[in-house]
Each structure stands twice: as structure tokens, then as C-alpha cells.
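S.K.: what's the 3D shape of this:
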Amino acid sequence: MSAVPAPSRRPVARPVERRRAHLRVVAEPRPRHTLRYALLYLVLAGATVFGAVSLNALAAGDAVAAHQLEQRVVTAERDYAMLVAEVARLEDPARIRAAALELGMVPAGSVRFLVVDRTLPADGVTPDLVATGNEATDPLKPVLSVEK
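M.R.: As a prediction, the model looks like this:
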């Protein structure tokens, strides 16, 4: 065997011509604006951080105000509970009875009712209406009348 390659049937193009066929003229490359882009990204990042910090500060201020309001609510609820207890203590019948006795009042005896069967002329009611039991007449009106 020989070390010589077999002749190919294709015509072999010269290497220089093949390289020239793929080459083309390119205009001068555009200058890259990496500094501008870097500055733009830095400004955007700074604005984002500033916005986040500002929102956090506003939220913290609102949280402090909410905490103060909650403390006021707790204090108001405690005061309300104390006032309710004070009202219950003051409304105690035994305390009222003791205060009345200190003022010189006496306990009431048995309860009596006064039923009046007669009418006075100032009442404008005829005796027959009272005798029939008309519910429109007030049996105490003659007793409380001014022209007695």
C-alpha cells in the first residue's frame, strides 16, 4: 500500500479563494455604551432601594400609630370596666337604703291604694260614665284636680 491519497474527482479550489468568498466588508463597529448602561442601572437600583426604604419608613410610622391606638383602646376598655363596676356598686339596693336612712328617710310601710268613686264638676265627666266603668276616665283625676 502506498501512502499517497487517491485523486478526487472534484476540482480542488484554491484556499485563498475560498477564504475570500466568506469575507465581507463590515462598517466600523459601533461604540459600546457600557458606561451609560452601568450608570443607568445604578440610578435604577438606587431609585428602587430609595423607594423600598421610603415605603418601609411609612409602614413603620403607621405601625407606631396603630400600636398607640391599641394602647388607648386597652386603657379605655379598662376605664369602662371600672365605671361599670362603679355603677353596679352605686345601684346596689342595700347602699341606697343605707344612704336613705342617713338622710332621715324611713322605710315605707304597707302600700295603700285610694279608689275614688265620685267625680268633680271640673273634670267634665258625668257620674254615669264613671259608674259604667268607661276606661277613658281616670279615677285619680278628681283627687289631683286643682279645683278641689
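S.K.: Show me the shaky parts of the chain.
M.R.: 1-21, 117-148 (pLDDT under 70).
S.K.: Let's see that with 50 instead.
M.R.: Counting by pLDDT under 50, the chain contains low-confidence ranges at 130, 134-135, 148.
S.K.: Just give me the longest helix of it.
M.R.: Assignment by DSSP state H gives helix 34-90 as the longest helix of the chain.
S.K.: after it, next one along is what?
M.R.: The helix or strand immediately downstream of helix 34-90 is helix 93-102, counting by DSSP states H and E.
S.K.: tell me the angle that following helix makes with helix 34-90.
M.R.: Helix 93-102 and helix 34-90 are oriented at 50 degrees to each other (axes from the mean of the first three to the mean of the last three Cα atoms, to 10 degrees).
S.K.: Which residues outside helix 93-102 are in contact with it?
M.R.: Helix 93-102 is contacted by residues 89, 107 when judged by Cβ atoms under 8 Å, 6 or more residues apart in numbering. No exception for glycine: its C-beta is placed from N, CA and C like everyone else's.
S.K.: try stretch 36-48
M.R.: Applying Cβ under 8 Å, 6+ apart, stretch 36-48 turns out to have no external contacts.
S.K.: Try it again at 10 Å.
M.R.: residue 33 (Cβ atoms under 10 Å, 6 or more residues apart in numbering).
S.K.: Convert the C-alpha atoms of that stretch to PDB, please.
M.R.: Written as PDB, here are the backbone C-alpha positions of stretch 36-48 (Å, rounded to 0.1, in the frame of the first residue of the first chain):
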ATOM      1  CA  ARG A  36     -24.000  54.800  30.100                       C
ATOM      2  CA  TYR A  37     -25.700  51.400  30.800                       C
ATOM      3  CA  ALA A  38     -23.900  51.000  34.000                       C
ATOM      4  CA  LEU A  39     -24.900  54.500  35.200                       C
ATOM      5  CA  LEU A  40     -28.500  53.800  34.200                       C
ATOM      6  CA  TYR A  41     -28.600  50.500  36.100                       C
ATOM      7  CA  LEU A  42     -27.000  52.200  39.100                       C
ATOM      8  CA  VAL A  43     -29.600  55.000  39.000                       C
ATOM      9  CA  LEU A  44     -32.500  52.500  38.700                       C
ATOM     10  CA  ALA A  45     -31.100  50.400  41.600                       C
ATOM     11  CA  GLY A  46     -30.700  53.500  43.700                       C
ATOM     12  CA  ALA A  47     -34.300  54.600  43.000                       C
ATOM     13  CA  THR A  48     -35.500  51.100  43.800                       C
END
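S.K.: All set, thanks.
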